[in-house]
Each structure stands twice: as C-alpha cells, then as structure tokens.
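Undergrad: structure of the sequence below:
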Amino acid sequence: MNLAGALCLETGHCQIVEDLRITAETTVKLFAGLERANPDKRLIHVIVDNAGTNRGQPLREWLARPDCRIRPIYLPSYAPNLNAIERLWKVMHQHVTPQPLLRKIPHLRRSDHALLQDHLATRLESHP
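TA: Modelled structure (predicted):
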C-alpha cells in the first residue's frame, strides 16, 4: 500500500488516497477528492514536487478540463523541505515504522487517516 496526500496549511486537514502503486492516475484521484472536499473554493492551489506522477499525461489531461479548479505549483527540484506533506510523512513514519511487522500494516490501514488528521497534522510545527 502507498499513500498520496495533500495537507491544507490553513486547517491541517489531510486528503489521502491509497493505491498499490502511485501513478499519475493516483494524483488525479487525489486532486478530484480535493475538488469534491472543497466545493466552495473557486481555485485550489496545490504545492507539488516534480515527480513523474505529478506531471504525467493523465494528470495533464485532467488539469486541462475547462472546469478544473486545481492549480498545481511545482517546487524546485530537490526541495522536499518546502513541501509540508513531506514533513507529515516523516512524522507518520516515526509513529508507524517502529510497530512490530505483523501489526504494522493492519494498524496503518485502520488508522492512517485518523492518525494523520487528528494527531500528526497538529505536530507539524515541532518537526522541521
């Protein structure tokens, strides 16, 4: 299981999708979820890195829709420190990785969204 996510810097809300493999289609699912979760927003700016999953043809086609409200902002190469979701993943790994192997995956699948939303997002400031 792999996770792709977006973190709202104003509210700390996390939008998460999981997939067996992260692809441009996964990013489309994530962005579509962001649009559904924010019906009142005229534009939604999303800070993304330069991974191929954030630039693939399926995503480019989806972003080209006339009614698309997502506006990606691409970070400079090799700048994960500028991407807030990377800090969130770091904190999540600190809490999930130490779990015994037999408990780790089921624990993560049951609580990944709750863990990210309720606990880790509030701790971002203390984990540079």
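Undergrad: by mean pLDDT, which helix or strand of this structure comes out lowest?
TA: In the chain, the helix or strand scored least confidently by mean pLDDT, DSSP states H and E is helix 101-114, which has a mean of 50.
Undergrad: the helices in the protein, which residues?
TA: For the chain, the helices defined by DSSP state H cover 24-37, 57-63, 84-96, 101-114.
Undergrad: and those helices, which one averages the lowest pLDDT?
TA: Comparing mean pLDDT across the helices of the chain, the lowest value falls on helix 101-114: a mean of 50.
Undergrad: distance between the ends of stretch 2-13?
TA: 19 Å (C-alpha to C-alpha, to the nearest Å).
Undergrad: same check on stretch 52-68?
TA: By C-alpha to C-alpha, the extent of stretch 52-68 from end to end equals 20 Å.
Undergrad: show me which residues of it are buried.
TA: Using 16 or more other C-beta atoms under 10 Å as the test for burial, stretch 52-68 gives 53-54, 56, 59, 62. Where you see a C-beta, it was placed from the backbone N, CA and C, and this is true even at glycine.
Undergrad: one more: stretch 5-15?
TA: Of all the residues in stretch 5-15, those buried under the rule 16+ other C-beta under 10 Å are 5-7, 12, 14-15.
Undergrad: just give me the neighbour total for the spatially closest residue to residue 71 that is not a sequence neighbour.
TA: Computed as C-beta to C-beta, 6 or more residues apart in numbering, the closest residue to residue 71 that is not its neighbour in sequence is residue 45, at 5.0 Å. Other residues lying near residue 45 total 10 when counted by other C-beta atoms under 10 Å.
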